[in-house]
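[1] Below is the sequence, then the predicted model.
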Amino acid sequence: MASIKAFFDKLSSTSKQPRLGQKVSPEILEQLFPIRNLSEEIRQSFASENHIELIDSGTTLFTIDSPADCAIYLIFGSVQFTDQNGRGYTIEEGSAQSKFPICSGSKHTTTAVAQTDIGILRVSLKIMSTRNRFQHKALPIPDNLRDNQLLALFADHYQSHELEIPSLPEVAIKLRNAIQKDVNLDAAVSIIQLDPVISAKLIEVANCPLYITVVPAKNLLEAVNRIGLNATRNLVVALSLKQIFKSKSILIKDRMEKLWKQSLYLSALSHVLAASSQQAKPEDALLAGLVCDIGNIPFLNFVANLPDEFINETEIKQALPVVVGPVSATVLNEWQFSEEFIDVALNSRNWYQNLGDELSLTDIVVLSRLHALIGRKVTSDLPSIAAIPAASKLKGMALSPENTLAILHDAKNKIHEALAIFSR
């Protein structure tokens, strides 16, 4: 009898059925992104039915380029990851990166091996596919910010449709309308020439290292011809946006200048990533990176017009992450930007947005934003860049051991050149 029991025990241990440990607790789920954003009732229900899966040390969890059918969280233990270049990094229980899935895309971008006995939680990839949709509704205020007086005032202002939308520069509007009517190159150039500053900058852009060329563009016609009409339209908008990032308020002026520099850097990263991946139009990516946080401007202008007793630095800092997505979407909608750009505004801070197998503008800006934060050593509460869905959509591009995109690091000179053009 004992031998029969031993036989079935061995059979069970070598089967593909997972070994299950204790049930996952609601307290654990509350620490995991984006599961923590689900309602308490859903988390409680999930915890009552699901267990932590036990994996032996030395087990390979997944390999590079293998398809993924679930998202995986590391609950305890340590996992070693190896990228496409053979370089590695480790994620351990309790670390900031263990709060995020260690994989969540449609395919794996690393090979993962259990360094110790580990416990993991598998969840559906659908958890990463929840999307915000643009609707001008009430601005949701998180429970922990109910006492933020400034945010409450702005939410009422926004919900009453009293938001002051900044105006697009005239040359940008005229050029967009003309291109929609299939205007020819000469006519487009004549419109752009109405603004000598933008004309000069377009020539400078056409000759910068972002474009591979031997013969420099000597005039605006040659510059527009090299860049292309649709790309020129986006660049004209981008080049003319700087005048919107201004305020007479001393308090708000510094924030506007910081926002402009951050937006420039994000747009340059997005341009280089799109060009290097050849999976999106670089000028679309540049513009997306530049305008995705545009909603900060109406909010900061609202604050600048308030009496001094309502202006509180702490409340401003708390409110900005709440308002930027929906307000940016509102501004871009008013400016008649396409749904693709509005989606970037709504979802480029959601590391786990994932609504398709192909690399989108939102994916590019998400990767660039995460890279920028990691580059600034802002690593608290950030996932590994190799573990987010957008990373799995890149074709033929490896990830560095520091979990930043190597291609963006290698393009540092191009990025600084682009920043210089837009900053002047």
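    Perfect, thanks for sending it.

[2] May I ask you to confirm that E334 is in contact with S167?
    No. In this structure E334 lies outside contact range of S167 using C-beta atoms under 8 Å: 9.6 Å. Backbone N, C-alpha and C define where each C-beta goes, glycine included.

[3] so where is the stretch 201-350 of the chain shaky, pLDDT-wise?
    Per-residue confidence for the stretch 201-350 of the chain (pLDDT under 70) gives these ranges: 209-214.

[4] At which residues are the strands of it located?
    Applying DSSP state E, counting those that start in this stretch to the stretch 201-350 of the chain gives no strands.

[5] That one: helices as residue ranges?
    220-227, 229-240, 250-277, 282-291, 296-304, 313-334, 339-347 (DSSP state H, counting those that start in this stretch).

[6] and what of the stretch 1-150 of the chain?
    Using DSSP H, counting those that start in this stretch, helices in the stretch 1-150 of the chain cover 2-14, 26-29, 40-49, 149-159.

[7] Give me the distance from the shortest one to the chain's centre.
    Counting by C-alpha atoms, centre = their mean, to the nearest Å, helix 26-29 is centred 26 Å from the centre of its parent chain.

[8] Identify each buried residue in it, please.
    28-29 (16 or more other C-beta atoms under 10 Å).

[9] helices or strands up against that helix?
    Applying 3 or more C-beta pairs under 8 Å, 6 or more residues apart in numbering; DSSP states H and E, we find helix 26-29 packed against helix 40-49.

[10] Now do the helix it packs on: which elements does it pack against?
    For helix 40-49, the packing partners by 3+ C-beta pairs under 8 Å, 6+ apart are helix 26-29.

[11] Next up, the contacts around the nearest residue to Q279 once chain neighbours are set aside.
    Using C-beta to C-beta, 6 or more residues apart in numbering and skipping the chain neighbours, the partner closest in space to Q279 is L359 (4.3 Å). By C-beta atoms under 8 Å, 6 or more residues apart in numbering, L359 lies in contact with 277, 279-280, 390, 393-395.

[12] One more: R43?
    Contact analysis of R43 by C-beta under 8 Å, 6+ apart lists 26, 29-30, 35-36.

[13] Could you measure from it over to E30?
    Going from R43 to E30 by C-beta to C-beta, to the nearest Å gives 7 Å.

[14] quick one: common contacting residues for these two?
    Joint contacts of R43 and E30 (C-beta under 8 Å, 6+ apart) are R36.

[15] on that earlier part again, can you go through the contacts of L359 and name the buried ones?
    For the contacts of L359, buried by 16+ other C-beta under 10 Å: 277, 279-280, 390, 393-394.

[16] In JSON lines, list those along with distance to F81.
    Below are the buried ones among the contacts of L359 laid out as JSON lines (distance: C-beta to C-beta, whole Å):
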{"residue": "S277", "distance to F81": "22"}
{"residue": "Q279", "distance to F81": "24"}
{"residue": "A280", "distance to F81": "27"}
{"residue": "A390", "distance to F81": "17"}
{"residue": "K393", "distance to F81": "18"}
{"residue": "L394", "distance to F81": "16"}
